[in-house]
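K.L.:
I'll drop the sequence and a predicted model, then ask my questions.
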Amino acid sequence: MTQASVTPIVENARAAREGPSLVVAYVLWLLLGLVGAHRFYLGKPVSAVFQFLSFFVLIGPIWWVVDAFLLPGMVARRQALTGDGGPMPRTNAITEPPASAPSANAGGSAPPPVADVADRLKALWEMKQSGALSESEFSAQKAKLLAAQ
């Protein structure tokens, strides 16, 4: 491969790691914000539907203006939770590796390394704090993770 053909691949990979773009979120907010397009883009389909429905009871335009100030935080949380821009993990994303990843326990029943468990617990806590996990989901995943230890 030549340098010219590798550059777009590297740029696409970098953009995928960074997750959603604040510029794209603001463009969607400006053009299609009253129907919640920016919230769909940021992985919040439930609130996007509510925003669309609230448009018909005159709360939607107020919500649309408030979202102008909330967008940077929503994008930052989304980037922190998913570096790949894909769907936000809900359950088992922390305690179980993706299907494509080689399992550390594939050959036997060795528990995951302690540093790995600590990183996963930290990620679980951050997901709970951001609202991606409920208290019961957090407790279940934490117990499952610590039981493997």
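P.N.:
Nice, I can see it.
K.L.:
Which parts of the protein belong to which domain?
P.N.:
Listed by automatic domain parsing, the domain ranges of the chain are 1-85, 89-149.
K.L.:
rank those by pLDDT, which is bottom?
P.N.:
When those are ranked by mean pLDDT, domain 89-149 comes last with a mean of 68.
K.L.:
Determine the longest helix present in this protein.
P.N.:
helix 60-81 (DSSP state H).
K.L.:
what does it contact?
P.N.:
Contacts to helix 60-81, defined as C-beta atoms under 8 Å, 6 or more residues apart in numbering, come from residues 18-22, 25-26, 29, 33-34, 38-39, 42-44, 51-55, 88-89, 126-127, 130, 132. All C-beta spots, glycine's among them, are computed from the backbone N, C-alpha and C.
K.L.:
what ranges do the helices span in this structure?
P.N.:
Along the chain, counting by DSSP H, helices occupy 3-18, 22-32, 37-41, 45-54, 60-81, 114-130, 135-147.
K.L.:
Can you say which of the ones you listed is packed in most?
P.N.:
helix 37-41 (a mean of 22; mean count of other C-beta atoms under 10 Å).
K.L.:
can you list contacts of it?
P.N.:
Contact with helix 37-41 is made by 20, 24-26, 28-29, 31-32, 45, 47-48, 51, 67, 71, 74, as judged by C-beta under 8 Å, 6+ apart.
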